[in-house]
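1. Below: sequence and its predicted model.
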Amino acid sequence: MELINFIKTKAKNIIGEKNLEFISHAKNYMSATFFTKALGFISVPVFTRLLTPDEYGILAIFSSVISIATILLGLNFKGSVVRYYHEDKNDFGQFMFSNFIFLLVFNIFSFYFINLFKKDIANLIGINVNIFIIAVITATINFPLNLYLYYLRGSKKSKRYSIISVSKSIVLLVISIIWVYLLSSNRYYGKIYAQLFITVILLLISIFYLVKIFKFKFKFKYVKYALSFGVPLIPHALSGFILSYFDRIAINQISGSLDTGLYSLAYNVGMIMNVVVMAMNKAWTPIFYDNLKENKFTEINDLAYNYAKYIYLAAISLVLFSQELVIILADQSYHKALNLVPIIIISYVFVFLYTLYGNYSFYRKRTGLISIATLSAGFINIGLNYWLIPKFGYVAAAYTTLFSYIFLFLFHYFNVKFVLKEKIISLSKWLPNLFLILIIIILYLILNQIIVSYFLLFFIKLIVFFVSIYYFIFWK
């Protein structure tokens, strides 16, 4: 016990108590997200052996419908929960109850109208009507869970958030595999029914906990607050969906399924960086809001400096060992896509930078500007993909993604600095180290082409990795 207390004291002295709080929450979010993604990786070889390619494709469309419907039917209210929690008022329970009731009524009416045109919409998407309706039902009853999870984020209850997320993923995977295995035909319905079943269970659990938060008094002013915050972000959320998935659609249309598979593998490995960024942003946002509310600009700058170092260390580590990750995850036929992974990782470093400044817009409730930025980046991504993929092949998609996220970062930086006129995080807090990691990554790519011996290259990577840990964590 004394040894543990000694280690904790030393950690606080080295890292700092505020940074330790951030790391603690980031660890919880990241562990949950990594575990969820790991289960996703595990499920791929399982389901591809239990399902035919056509059945696997049906599930992909089913998941896409749920994602889009969740964005539209949830009205993006979930983000307003985190923001209102930091308004420092005593009416949060009324806020939650009012928005729950509004979303309940809105979803009932929305489902009624969707059901009227279900055949037309399903035919347009190219999906079975029954599967389409199940997807919409799943999205419709998903909003209480999202409200509760974002309450946990805002209140810094990252451990409970992580437990719910991980438990959901484990139970869904196990039930899906069993259900799919037991069906003799149309096995994809096993995964679909499992998803619906788990969503219903989580609906009941979420309502149980939300009732404890509610103060049962409806006021439309809280709905107005959530609408003004969330609705302008719907294009942002949809555009985010485009930025993440449209390149694969374009590659499949232009180059075919082989190139799509190669790119998807590289993108999935590179997206581990996005898991790091989003997990850390979940921990950063409430801490950032607390300090911005109290105008602690110096503290924000100091915390952002350390925040950026953790992101950069993760990026360098993933780039250095991306080859090993691909070897573990994929057959040798996929290895030609290896060189795309560092480009995708760098793309998500710029996602970190845009969230760093985009959070100012969230706090000031200027969410319309966020949607303009993401829509513009989405259109740029679509245009560049159709222009460059026919000329340079699927490789171009990685660079169009990088360019789109650089644009997104620049838009948010100039928006916060010149439109919102905020006292923002100084460039000096993250720019020098950004140049440093870009130089390291470029040198790594050059050495990877020059050095033939795998063991010599791996030894060099280990040296760079441990030096990076010392520089970004311990060096002051």
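-> Here it is on my side, so go on.

2. contacts, neighbours, all on C-alpha from now
-> Will do.

3. elements contacting the strand or helix carrying Lys119?
-> Assigned by DSSP states H and E, Lys119 belongs to helix 118-125. Packing partners of helix 118-125 (3 or more Cα pairs under 8 Å, 6 or more residues apart in numbering; DSSP states H and E): helix 129-140.

4. name the helices or strands packed onto the helix it packs on?
-> Under the contact criterion of 3+ Cα pairs under 8 Å, 6+ apart, helix 129-140 touches helix 53-73, helix 92-116, helix 118-125, helix 188-213.

5. what angle separates the third one from helix 53-73?
-> Using axes from the mean of the first three to the mean of the last three Cα atoms, to 10 degrees, one finds that helix 118-125 and helix 53-73 are set 120 degrees apart in direction.

6. Return the distance of helix 118-125 from the chain's centre.
-> With Cα atoms, centre = their mean, to the nearest Å as the basis, helix 118-125 stands 28 Å off its chain's centre.

7. go on, the longest one?
-> Relative to the mean C-alpha coordinate of its chain, helix 188-213 is positioned 21 Å out (Cα atoms, centre = their mean).

8. what sits up against stretch 406-421?
-> Identification of contacts with stretch 406-421 by Cα atoms under 8 Å, 6 or more residues apart in numbering yields 347, 350-351, 353-355, 357-358, 360-361, 369-370, 373-374, 377, 422-424.

9. which parts of it are buried?
-> Residues Ile406, Phe407, Leu408, Phe409, Phe411, His412, Tyr413, Asn415, Val416, Lys417 are the ones in stretch 406-421 that count as buried (16 or more other Cα atoms under 10 Å).

10. Turn those into JSON lines, columns for pLDDT.
-> Listed next are the buried residues of stretch 406-421 as JSON lines, based on pLDDT from 0 to 100:
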{"residue": "Ile406", "pLDDT": "92"}
{"residue": "Phe407", "pLDDT": "90"}
{"residue": "Leu408", "pLDDT": "87"}
{"residue": "Phe409", "pLDDT": "89"}
{"residue": "Phe411", "pLDDT": "87"}
{"residue": "His412", "pLDDT": "85"}
{"residue": "Tyr413", "pLDDT": "88"}
{"residue": "Asn415", "pLDDT": "83"}
{"residue": "Val416", "pLDDT": "83"}
{"residue": "Lys417", "pLDDT": "85"}
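
11. for those, which one is nearest Ile134?
-> Distance to Ile134 across the buried residues of stretch 406-421 (Cα to Cα) is lowest for Leu408, with 34.7 Å.

12. Would you mind checking the contacts of stretch 406-421 for buried ones?
-> 347, 350-351, 353-355, 357-358, 360-361, 369-370, 373-374, 377, 424.

13. for the residues you listed, which one is nearest Ile450?
-> Nearest member of the buried ones among the contacts of stretch 406-421 to Ile450, counting by Cα to Cα, is Ser347, at 24.8 Å.

14. Would you agree the closest one is in contact with Thr400?
-> No - counting by Cα atoms under 8 Å, Ser347 sits too far from Thr400 to count as a contact (9.5 Å).

15. buried ones in the helix or strand harbouring Asn281?
-> For Asn281, the host element (DSSP H and E) is helix 272-293. The neighbour-count check on helix 272-293 (16+ other Cα under 10 Å) flags 272-289, 292 as buried.

16. helices or strands next to that helix in the packing?
-> Helix 272-293 packs on helix 17-50, helix 143-154, helix 297-320, helix 340-363, going by 3+ Cα pairs under 8 Å, 6+ apart.

17. what's the least confident stretch among these?
-> Sorting the helices and strands packed on helix 272-293 by mean pLDDT places helix 17-50 lowest, at a mean of 62.

18. Just list the residues touching Asp91, thanks.
-> Counted by Cα under 8 Å, 6+ apart, Asp91 has contacts Lys215.

19. From here on, call the first residue 10.
-> OK, 10 is where the count begins now, so the last one is Asp100.

20. backbone phi and psi for it, please?
-> phi -120, psi 30 (degrees, to the nearest 10).

21. Ok, Phe481 next?
-> phi -80, psi -20.
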